[in-house]
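# here is my input; please provide its structure:
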Amino acid sequence: MKKIIVNSGRDDAQCIIEKVEAKYNAKWVGQLALKTRDGGWSGDSCGDVYYQATPPVEGYSNYFALIIQNGTLLITSGASAMEGIINGVIADDGEIIYSRYRHDMRYSTDKSTFIDGGRDYVRGGRDGRYISMKIVDGEWYQVEDGK
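Got it, this is the predicted structure:
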């Protein structure tokens, strides 16, 4: 796997990233869909996911997510966001973008491509410029040859 830099939705974060990182000794990972109790993806929303090298309680995940539900800020496990492959697309200027959740159409900064569908489906531009990604220890990696 090759480490990569991804446009992780930082500009759209629901909280002030620097304050969360300082309070929880954590690192921003990205905005990602979480799994629901029935095992599907969370639909038309995502959480701000962070990584902690040392979770606050033994047995907790290294990932937590902040979500806003009915106007209330909640903290929950972000472990499900790490499951499986995240599909992205590479823009003409090299920017890598991904769709955070179903019906989240995102365009690259240079407007050369787009992606939609989150983890439910993939629809995008730039045939042949798709990329498969995985998050390991809070870092984004390109998955090569199905590994």
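# what secondary structure does residue 19 sit in?
Using DSSP: H, G, I helix; E, B strand; the rest coil as the criterion, the local structure at residue 19 reads helix.
# residues touching the nearest residue to residue 66 once chain neighbours are set aside, list them.
Here the nearest residue to residue 66 in space, its sequence neighbours aside, is residue 48; by Cβ to Cβ, 6 or more residues apart in numbering that works out to 4.6 Å. All C-beta spots, glycine's among them, are computed from the backbone N, C-alpha and C. When the contact criterion is Cβ atoms under 8 Å, 6 or more residues apart in numbering, the partners of residue 48 are 13, 14, 15, 17, 20, 28, 31, 65, 66, 67.
# mind listing the residues bridging to residue 48?
The partner list for residue 48 in beta bridges (DSSP bridges) reads residue 31, residue 66.
# do you know how far it is from residue 8?
When Cβ to Cβ, to the nearest Å is applied, the distance between residue 48 and residue 8 equals 10 Å.
# show me the chain divided up by domain.
Dividing the chain into domains by automatic domain parsing, as the record does, gives the ranges 10-82, 86-142.
# helix or strand for residue 135, just tell me which one.
Residue 135 is located in strand 130-136, with elements delineated by DSSP states H and E.
# with just CA atoms, put the helix or strand following that strand into PDB.
In the C-terminal direction, the helix or strand that comes right after strand 130-136 (DSSP H and E) is strand 139-142. This file holds the C-alpha atoms of strand 139-142, laid out as PDB (Å, rounded to 0.1, in the frame of the first residue of the first chain):
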ATOM      1  CA  GLU A 139      -3.500   7.500   7.500                       C
ATOM      2  CA  TRP A 140      -4.900   7.200   3.900                       C
ATOM      3  CA  TYR A 141      -3.400   4.500   1.600                       C
ATOM      4  CA  GLN A 142      -3.900   3.500  -2.000                       C
END
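# could you pull out the buried residues of strand 139-142?
140, 141, 142 (16 or more other Cβ atoms under 10 Å).
# Serialize those residues to CSV and add fields for pLDDT and distance to residue 119.
As requested, the buried residues of strand 139-142 are exported to CSV (pLDDT from 0 to 100; distance: Cβ to Cβ, whole Å):
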residue, pLDDT, distance to residue 119
140, 97, 15
141, 97, 17
142, 96, 17
